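*Asks:* The amino acid sequence is not available; the structure is as follows:
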């Protein structure tokens, strides 16, 4: 059953356009975002991934209207998003942002924090909508608890519920899982994904953790030093990174110089060779090479192997945990690699 705040939407409709957006804090070095353009479809989840200082939060706040760009513009449904100098209250009424401090009344109850966003003109409707929202985010049992009594993950859910209850069309999340323990991360990610699918809610999140983007996103943006390096579906970017930085930040890729690559039998004409550990084939064939297992890291249903040949270290995955042990010798072939 869809929430009462749902609205009809066209899946292919562009809801946000970012056009040639530039915001620099310092003239002598990259300290914001530079000439960024992209579109966001209504109902999509968009993840902006990058290291600290890459411009993620600046981009998010500029989309919301908290920061005035030096150049370019942001359009919401074809209308310019006003900056803080153009309106009394910064931000946009159709968008809500959840930051890392949550902005909750810590001494008020969960129910009151969420319900405070609705008017008292329809008390019964207000109560019903608040309870529905809590049910969708699995926090109904917390309704009578004060915020100060909640864990970080529980507070995160309350903050999202509070942001969504007032007919929000775009939800912006700044590092949404930074205070959520690993056991709850996947559940919260799944809840956000389900809400977007059921309601047509558009979600834009920034994160330094690539797992957030790979797990959640319909569209993934990779930022580095304020530059948009790649913009595509997560699976396309992961399988075909356009640069070394993207491969390293998304998949903890193995990076080798041309000389190192040649020492393990990989021929290349470019300066760098990159491959993911899962692209290493642990099998004997005509073009495989002999490696020594230097370390075995147990990861649950698989092991990560540290392999060495001619002084070059690479990583590989073995799905049958325990098959190869430290100091064993294995045959390995780099089934696929990228050159940069």
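*Replies:* Here it is on my side, so go on. Note that this is a predicted model, so its numbers are computed, not measured.

*Asks:* Could you pull up the residues touching residue 147?
*Replies:* With contact set as Cβ atoms under 8 Å, 6 or more residues apart in numbering, residue 147 has these partners: 104, 105, 106, 107, 108, 109, 110, 113, 155, 158. Every C-beta, even on glycine, is put in place using the N, C-alpha and C of the backbone.

*Asks:* Beyond the helix or strand containing residue 132, next helix or strand please.
*Replies:* In this structure, residue 132 is located in helix 123-136 according to DSSP states H and E. Sequence-wise, the next helix or strand downstream of helix 123-136 (DSSP H and E) is helix 152-164.

*Asks:* Check which helices and strands the following helix or strand past that next one sits against.
*Replies:* Downstream of helix 152-164, the first helix or strand assigned by DSSP H and E is strand 170-174. The helices and strands touching strand 170-174, judged by 3 or more Cβ pairs under 8 Å, 6 or more residues apart in numbering; DSSP states H and E, are helix 56-64, strand 95-98, helix 152-164, strand 202-207.

*Asks:* helices and strands around the helix or strand just after strand 170-174, which ones?
*Replies:* Sequence-wise, the next helix or strand downstream of strand 170-174 (DSSP H and E) is helix 182-199. Judged by 3+ Cβ pairs under 8 Å, 6+ apart, helix 182-199 is in contact with strand 45-49, helix 123-136, helix 152-164, strand 202-207, helix 210-216.

*Asks:* As TSV, these with mean pLDDT, distance to residue 24 and mean neighbour count would be great.
*Replies:* Shown next, in TSV, are the helices and strands packed on helix 182-199 (pLDDT from 0 to 100; distance: least, Cβ to Cβ, whole Å; neighbours: other Cβ atoms under 10 Å):
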stretch	mean pLDDT	distance to residue 24	mean neighbour count
strand 45-49	97	18	27
helix 123-136	94	39	16
helix 152-164	91	29	22
strand 202-207	96	18	24
helix 210-216	90	25	21
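
*Asks:* Columns distance to residue 144 on top of those, output as JSON lines?
*Replies:* Output for those, formatted as JSON lines (distance: least, Cβ to Cβ, whole Å):
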{"stretch": "strand 45-49", "distance to residue 144": "32"}
{"stretch": "helix 123-136", "distance to residue 144": "11"}
{"stretch": "helix 152-164", "distance to residue 144": "13"}
{"stretch": "strand 202-207", "distance to residue 144": "29"}
{"stretch": "helix 210-216", "distance to residue 144": "31"}
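
*Asks:* about what we covered before: can you tell me which of the contacts of residue 147 are buried?
*Replies:* Neighbour-count burial (16 or more other Cβ atoms under 10 Å) applied to these gives 104, 109, 110, 113, 155, 158.

*Asks:* Which pair of these spans the longest distance?
*Replies:* 109 and 155 (12.8 Å; Cβ to Cβ).

*Asks:* Secondary structure class of residue 246, three-state.
*Replies:* Of the three states, residue 246 takes helix under DSSP: H, G, I helix; E, B strand; the rest coil.

*Asks:* which ones are touching it?
*Replies:* Listed by Cβ under 8 Å, 6+ apart, the contact partners of residue 246 are 222, 229, 230, 237.

*Asks:* what's the most distant pair in those?
*Replies:* Longest span within the contacts of residue 246, Cβ to Cβ: 229 and 237, 9.4 Å.

*Asks:* joint contacts of those two?
*Replies:* Residues touching both residue 229 and residue 237 (Cβ under 8 Å, 6+ apart) are 222, 246.

*Asks:* And the two? Which one has more around it.
*Replies:* Neighbour count, other Cβ atoms under 10 Å: between residue 229 and residue 237, residue 237 has more, with 25 against 19.
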